[in-house]
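1. Show me how the following folds:
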Amino acid sequence: MARYGQCAVGILPRILVFIAAGTSTLVYAAQVKAEGSETREFLIKIKNKPAGHYRMTISATQDGTVTMTGSAQVEFKQLLVRYTYSYRGTETWQNGRLVQLDSAANDDGKVFAVSARAIDKGLRVQVNGHVHDTRPDVWTTTYWKLADARFRNQSVPLIDADTGRDIVARLQFLGAEAVNVAGEIQRCAHYKLTGGSLQVDLWYDGQERLVRQLSVEQGQPTLLELQSIN
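-> Predicted coordinates for the structure are as follows:
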């Protein structure tokens, strides 16, 4: 999902085929068009206890434009500490490139409004009224689809879906693992994303869909688990 705290949360039966750079979104767009829009429901656990939910809805138009709308709500209590987080955002992708991002996040009282639009040489990003430009090939910290093949086992540029800030991290493939995906055991690809405060484990299914995510947030182990795909 999007991020909360200082690390990405963002607050997935076969080993992935390494598709040529720039084609994975087009392939996925064709799958969505054939199947209609898709909704993924995730359970969020902190310290192995239910703490919230995250929903992704993905759809595509006939020209291959793919849109992902995500919403998340988290509430965590421990002794006298209470933490809350909410996020809603929409991403638009064309030909493997992020062309538009709009999001609103409230990270325990810290409020962010992000708007990004494609320009000739990249993305123009506005965060709470402040503007900066970033490169055109960024991945997002929602991690809803696997980054392009050219970024696997390499450095990958990201835009933080919550705050709009630029991040550079390394995406490392760790191997294929058996994962419980919505009650069914599937063989999924396990990746590790590291860089600065970013320490995230990500699992993707054979269609390069995020199915599991593990990170440490506010010093607590935080897990996203896919519950259903409709």
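2. And the longest strand seen in the chain, how far out from the chain middle?
-> Ranked by number of residues, the top strand in the chain under DSSP state E is strand 166-181. Here the centre of strand 166-181 is set off from its chain's centre by 12 Å, with C-alpha atoms, centre = their mean, to the nearest Å.
3. And for stretch 134-150?
-> Between the centre of stretch 134-150 and the centre of its chain there are 9 Å (C-alpha atoms, centre = their mean).
4. same thing with stretch 91-105?
-> 12 Å.
5. That stretch: which residues count as buried?
-> Buried residues in stretch 91-105, counted by 16 or more other C-beta atoms under 10 Å: 91-94, 96-101, 103, 105. In short, each C-beta sits where N, CA and C put it, glycine included.
6. picking that back up, now for the longest strand of the chain, which elements pack on it?
-> With contacts taken as 3 or more C-beta pairs under 8 Å, 6 or more residues apart in numbering; DSSP states H and E, strand 166-181 sits against strand 154-159, strand 184-195, strand 198-204, strand 210-217.
7. lowest average confidence, helix or strand, in this structure?
-> Of all the helices and strands that make up the chain, the one with the lowest confidence by mean pLDDT, DSSP states H and E is helix 24-35; it has a mean of 47.
8. on contacts alone, who are the packing partners of the following helix or strand past that helix?
-> The helix or strand immediately downstream of helix 24-35 is strand 38-46, counting by DSSP states H and E. Packed against strand 38-46, as judged by 3+ C-beta pairs under 8 Å, 6+ apart, are the following elements: strand 49-60, strand 66-78, strand 220-229.
9. These into TSV, with extra columns for mean pLDDT and distance to D205?
-> As requested, those are arranged in TSV below (pLDDT from 0 to 100; distance: least, C-beta to C-beta, whole Å):
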stretch	mean pLDDT	distance to D205
strand 49-60	96	14
strand 66-78	95	16
strand 220-229	94	9
